[in-house]
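**Student:** Return atomic coordinates for the entry below.
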Amino acid sequence: MPTEHMGDYDIEYSGVRVIGGEEWVANVAIFGPSHNPMHRNPVFPSQRVLADQTFGDEKSAEQGALQVAHELLECSRHAGRHH
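**Tutor:** Modelled structure (predicted):
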């Protein structure tokens, strides 16, 4: 599963083939900072994103998943500024 680091967060993203189909869906998990390097702190548990959308191939689904993760973290970052 591909992983990307964005600030203090680790993003795991993947494309998963639909059972019995040719389409792919996008999955994302986001882990935040943890004081224990042996423990990951899930802030967005692994789940399908873009639920109303399917993709023609795994790479496209991965790109969609990563884009959603970036948007989630960006929104979270901006929301933190208002408090």
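
**Student:** I'd like to check which residues are in contact with Q53.
**Tutor:** Taking CB atoms under 8 Å, 6 or more residues apart in numbering, we find Q53 in contact with 25-26, 64. The way it works is simple: take the backbone N, C-alpha and C, and place the C-beta from them, glycine included.

**Student:** May I see those arranged in JSON lines, with neighbour count as well?
**Tutor:** Formatted as JSON lines, those follow (neighbours: other CB atoms under 10 Å):
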{"residue": "V25", "neighbour count": "20"}
{"residue": "A26", "neighbour count": "27"}
{"residue": "G64", "neighbour count": "22"}
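
**Student:** Does the closest residue to Y13 other than its chain neighbours fall in a helix, a strand, or a coil region?
**Tutor:** Nearest non-adjacent residue to Y13, counting by CB to CB, 6 or more residues apart in numbering: A65, 3.8 Å away. Put simply, A65 is helix when judged by DSSP: H, G, I helix; E, B strand; the rest coil.

**Student:** Any idea how many residues pack against the residue lying closest to N41 once chain neighbours are set aside?
**Tutor:** Counting by CB to CB, 6+ apart, N41 lies nearest to S34, which is 4.2 Å off, once chain neighbours are set aside. For S34, the count of nearby residues is 13 (other CB atoms under 10 Å).

**Student:** same deal with E22?
**Tutor:** 9.

**Student:** OK, contacts around it?
**Tutor:** Per CB under 8 Å, 6+ apart, neighbours of E22: G56.

**Student:** What of R48?
**Tutor:** Counting by CB under 8 Å, 6+ apart, R48 makes contact with 16, 25-27.

**Student:** Kindly recompute the last result at 10 Å.
**Tutor:** 16, 25-28, 61, 65 (CB atoms under 10 Å, 6 or more residues apart in numbering).
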